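In: No sequence on hand, only this structure:
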């Protein structure tokens, strides 16, 4: 049941994200006087629609996107010099111009999108991606400020009775033959909270861990809080081989795949992990970091698609960082929600973070400067505005609108390519899913 509920929640939030993305286009377009004839969530056959004012609002059968139809997207042939249509690309552009012109009602030519100034076109086209970024901010704020992040604290979850060997697994149990751990020998108990170590006030587990690892085999004072009272103890660390961890708290491995170790101070204590609410300042930092990581992924998208194709052809397992589609996202959500032994707050935080990352991915992906993506329309508007500024500076007549209909063949090609990649992802997520 938890699996299905999580999948449903992700599905609904994704639909809302798509719908709000299109609202981000529609609202400024209407404010600038452009007639919006259709607002649709999804593609394919219409499941439901209602006309309000001059706009038809509806829900379509394939919930993999959405669109708003802005009347007069392409300038008519007279405005761009009646370009020839002898090639198939020219015919596609001509047909797009004609279809766009037919949508303009008599006497409403001034309300066509192509008449907008460059800044207004940019506001309309960037409104959708920016809406996804706003959604990501909202979701990330709920996680960081409202729920909190799982953080190691100075409250001790467990105290080992012996010095645990570096190669021990989770089933290891101490015996009388093992050397006693310093923490147990000093009288430290589970539930204690470390207040100071060797005269240094402790504010975080990372700080305490660093001090312990830098210790040698000499007695140092340690103060713990137990049942509301401070307890002064003396502890003598041992120097033992311990794994080396990277910035992501993962063990560093050598060329043979074995953990890299170093001789450091050891006490035999394990921190508890609690949800700690973060400062509101952490929200833009987290969104900026996720956005940058997403940009790096999108910049390598062709190579990642190639790796995906190779894994399907050769039948090899997919890497953990492989790109996934809607099926993979739903499966991740279900598996996160159905994991046993984890608090619901942690599950909720993980799901919301995933949805925030998806909205950031929509923000970044839609800014790729290729039609039919929003970034393609942004690039066309910037080109048009740039031509006009150059003409103004050179004292030349103001050029007419950019013939964006010429980009229609490219838009069709990109649409087909994205559709093929989407189908490949659905297939791969079903027959060869990424394991988490």
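Out: Cool, the structure landed. No experiment lies behind these values; they were computed from the predicted model shown.
In: Only C-alpha atoms from now on, for both contacts and neighbour counts.
Out: OK.
In: Okay, and the closest residue in space to residue 324 that isn't next to it in sequence sits in which element?
Out: Ranked by Cα to Cα, 6 or more residues apart in numbering and with sequence neighbours excluded, the top spatial neighbour of residue 324 is residue 425, at 6.1 Å. Per DSSP states H and E, residue 425 falls inside helix 408-431.
In: follow-up on the earlier one: now do the residue nearest to residue 324, the pLDDT please.
Out: If you check residue 425, the pLDDT there is 90.
In: which residues touch it?
Out: 323-325 (Cα atoms under 8 Å, 6 or more residues apart in numbering).
In: Residue 60 contacts residue 38, correct?
Out: No: in this structure residue 60 lies outside contact range of residue 38 using Cα atoms under 8 Å: 11.9 Å.
In: in the stretch 201-350 of the chain, which segments are predicted with low confidence?
Out: 247-250, 257 (pLDDT under 70).
In: now the strands for it?
Out: With DSSP state E, counting those that start in this stretch as the criterion, the stretch 201-350 of the chain has strands at 220-226, 229-235, 238-243, 261-266, 269-276.
In: Need the contact partners of the fourth one.
Out: Contacts made with strand 261-266 from outside it, assessed by Cα under 8 Å, 6+ apart, are listed as 163, 182, 212-217, 237-244.
In: Got a PyMOL select line for the buried ones in these?
Out: Applying 16 or more other Cα atoms under 10 Å to the contacts of strand 261-266, the buried members can be selected in PyMOL as follows:
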select buried, resi 163+182+212+213+215+216+237+238+239+240+241+242+243+244
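In: Now the two most distant members of the contacts of strand 261-266.
Out: Farthest pair in the contacts of strand 261-266 (Cα to Cα) is 182 and 244. Separation: 20.7 Å.
In: how close does the residue lying closest to residue 279 once chain neighbours are set aside get to residue 137?
Out: Among residues not flanking residue 279 along the chain, residue 145 sits closest, at 6.3 Å (Cα to Cα, 6+ apart). From residue 145 over to residue 137 the distance is 11 Å, taken as Cα to Cα, to the nearest Å.
In: neighbour-wise, which of those two wins?
Out: Higher neighbour count among residue 145 and residue 137: residue 137, with 21 against 17, using other Cα atoms under 10 Å.
In: in terms of contact, does that one touch residue 282 like I think?
Out: No: using Cα under 8 Å, residue 137 makes no contact with residue 282, being 10.6 Å away.
In: Run the chain-centre distance for the helix holding residue 425.
Out: Helix 408-431 sits 20 Å away from the centroid of its parent chain (Cα atoms, centre = their mean, to the nearest Å).
In: Equivalent analysis for stretch 182-196, please.
Out: 40 Å.
In: now the end-to-end length of that stretch.
Out: 16 Å.
In: Let me know the average pLDDT across it.
Out: For stretch 182-196, mean pLDDT rounds to 93.
In: who's in contact with it?
Out: Applying Cα under 8 Å, 6+ apart, the set of residues contacting stretch 182-196 is 154-162, 201-203, 222-226, 233-238, 266-269.
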